[in-house]
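S.K.: Have a look at this prediction, sequence included:
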Amino acid sequence: MSHTDVQMAAERLLNELERAIVGKRQVLELIVTALLANGHILLEDVPGVAKTAIARALAEAAGLRFARVQFTPDLIPADITGATVLAGATGEPTFQPGPVFANLVLGDEINRAPPKTQSALLEAMEERQVTADAVTRRLPEPFLVVGTQNPIEQEGTYPLPEAQLDRFLIRTGVGYPGRDHEVELLMRRAERAGDRLSLQPVLSRDDVVGLQKRVEQVHVSRPVAQYVVDLVEATRNSPRTEAGASPRGSLALLKAGRARAAMAGRSHVLPDDIKAVAEPCLAHRLLLQPDQWVRGVRTEQVVREIVGQVPAPQSVEPLDQQARHRPLQETWSQPSGRPADPNATWQAPPPRPAAPSQPSPGSPGGGYVPGNPSWGQGFESQSRSLLTDSEQVVGSAGPEPASASPLIAPRGERETQRRAGPPEPPRVS
């Protein structure tokens, strides 16, 4: 399976979902991104905007086994994970799996159950397993939790703890449709014979697992990884936040960026992929200062400003360009078959033709020449420019400019690390 296959499969899935969900292409792309990244989704919006319909449509179009749990104050953990019951015929204790043993589990109004019941999903969402009666059982693959909650009518609800919010890969809303899209929605309903719209499965469970494994092969360059860390560190150092995103947030941002790159048919992640998923991946992981909360500042606004202020790398190195720019490897050797000369000195081997070659694993990228002060220079990575679609290879970017944003604490100048060459062999007198 190639990255083009991932792009085509995602396009088929999105087109099928749009048969049921009208005018929400960007939201659906984000949902499919989480599915390919093997992450959970939290949909937070007012009633009646198709949150439940999106989850059900995703399960039907992707060929996944669907289960729905309506969270209520009297729900207990065994109603989700399952329990051991006595079989009617034999009377033997038998474990009855709960609805969590499905591929896509919809936790509807997830904030209306008490914390004890909410915590029943923690192990399932993180480890993809359930422990009941001292026995650990693996959940099927793929496994995806779609939680919904209503931002209004908060009476009698139990806000999700930060530990559970942190386990959702993304949080997003749906929003009201536009006027034309809502008219189209009404016309489609008028042409149907009922409320229920059945979608055709365009993928299977094995296809989804294969797509998720392919996403794990998307290349991430060091500049992109550093950019992810810079964004997350900025959320921690912001004067508006009491607590920023954790390393789990960095991993979530990386996973979502990989999935978005694969959906675009690329084999490597661009900074634009990280920017596109930064807000839904990081906003629900921040805790605002009390004064900011009183002023009505939202975490989405903080993340948006941070993305606008943290400098992105000007160039990254795609996977297929790595070997092309590596310098030749030079090795030291003495002529074989001759006795050791006590007065011999080390001499560099004769120059080789200037042709690309890939050094062996674990060896340095170039030869060490004693007394040459310029050794170690020229190893900066070169890559394709992100600013244009041309094939021009550009050098690495210069030092990152200091940010003047009040949200980002100064980090100081970064020191350029050079490779330390091997010590010069001593002369034998």
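M.R.: Alright, I've got the coordinates.
S.K.: Give the residue spans of this structure that score low on pLDDT.
M.R.: In the predicted model, the chain carries pLDDT under 70 at residues 1, 315, 317-429.
S.K.: Quick check: which element contains the residue nearest the centre of it?
M.R.: Nearest to the mean C-alpha position of the chain, by Cα atoms, centre = their mean, lies residue 255 at 1.8 Å. If you go by DSSP states H and E, residue 255 is part of helix 247-263.
S.K.: Who are the packing partners of the helix or strand following that helix?
M.R.: Later in the chain than helix 247-263, the nearest helix or strand by DSSP H and E is helix 271-282. Helices and strands touching helix 271-282, by 3 or more Cβ pairs under 8 Å, 6 or more residues apart in numbering; DSSP states H and E, are helix 25-36, strand 170-172, helix 222-237, helix 247-263, helix 299-309. C-beta coordinates here come from the backbone N, C-alpha and C atoms, glycine included.
S.K.: so which of those comes closest to residue 185?
M.R.: helix 25-36 (14.1 Å; Cβ to Cβ).
S.K.: The next helix or strand after that closest one: partners in the sheet, and parallel or antiparallel?
M.R.: For helix 25-36, the following helix or strand on the C-terminal side (DSSP H and E) is strand 41-44. Here strand 41-44 is paired, per DSSP bridges, with strand 144-149 (parallel), strand 170-172 (parallel).
S.K.: Return the most buried member of those strands.
M.R.: Highest mean neighbour count among these (mean count of other Cβ atoms under 10 Å): strand 144-149, with a mean of 24.
S.K.: now the helices for this structure?
M.R.: Counting by DSSP state H, the chain has helices at residues 3-17, 25-36, 51-62, 78-81, 115-118, 122-127, 162-165, 179-191, 205-215, 222-237, 247-263, 271-282, 290-294, 299-309.
S.K.: who wins for proximity to residue 91 among those?
M.R.: Here helix 78-81 is closest among the helices of the chain (Cβ to Cβ), at 19.9 Å.
S.K.: How about the contacts made by residue 135?
M.R.: residue 95 (Cβ atoms under 8 Å, 6 or more residues apart in numbering).
S.K.: buried sites along stretch 218-227?
M.R.: The neighbour-count check on stretch 218-227 (16 or more other Cβ atoms under 10 Å) flags 218-221, 223-225, 227 as buried.
S.K.: still on that earlier bit, make CSV out of the helices of the chain and add distance to residue 149.
M.R.: Formatted as CSV, those follow (distance: least, Cβ to Cβ, whole Å):
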stretch, distance to residue 149
helix 3-17, 22
helix 25-36, 16
helix 51-62, 9
helix 78-81, 16
helix 115-118, 11
helix 122-127, 15
helix 162-165, 11
helix 179-191, 23
helix 205-215, 25
helix 222-237, 23
helix 247-263, 19
helix 271-282, 15
helix 290-294, 19
helix 299-309, 16
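S.K.: which one of those helices lies closest to residue 152?
M.R.: helix 51-62 (13.5 Å).
S.K.: Extract the C-alpha trace of the closest one and format it as CSV.
M.R.: Output of helix 51-62 as CSV, limited to C-alpha atoms (Å, rounded to 0.1, in the frame of the first residue of the first chain):
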residue,chain,number,x,y,z
LYS,A,51,-22.7,14.6,16.4
THR,A,52,-24.3,11.1,16.8
ALA,A,53,-25.0,10.9,13.1
ILE,A,54,-21.3,11.5,12.3
ALA,A,55,-20.2,8.6,14.5
ARG,A,56,-22.7,6.2,13.1
ALA,A,57,-22.0,7.2,9.5
LEU,A,58,-18.3,6.8,10.1
ALA,A,59,-18.8,3.2,11.4
GLU,A,60,-21.0,2.3,8.4
ALA,A,61,-18.8,3.8,5.7
ALA,A,62,-15.6,2.3,7.2
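S.K.: between that helix and helix 3-17, how big is the angle?
M.R.: Interaxial angle, helix 51-62 versus helix 3-17 (axes from the mean of the first three to the mean of the last three Cα atoms, to 10 degrees): 130 degrees.
S.K.: Which elements pack onto helix 51-62?
M.R.: Packed next to helix 51-62, using 3+ Cβ pairs under 8 Å, 6+ apart, are helix 3-17, helix 25-36, strand 41-44, strand 66-70, strand 104-108, strand 144-149, helix 205-215.
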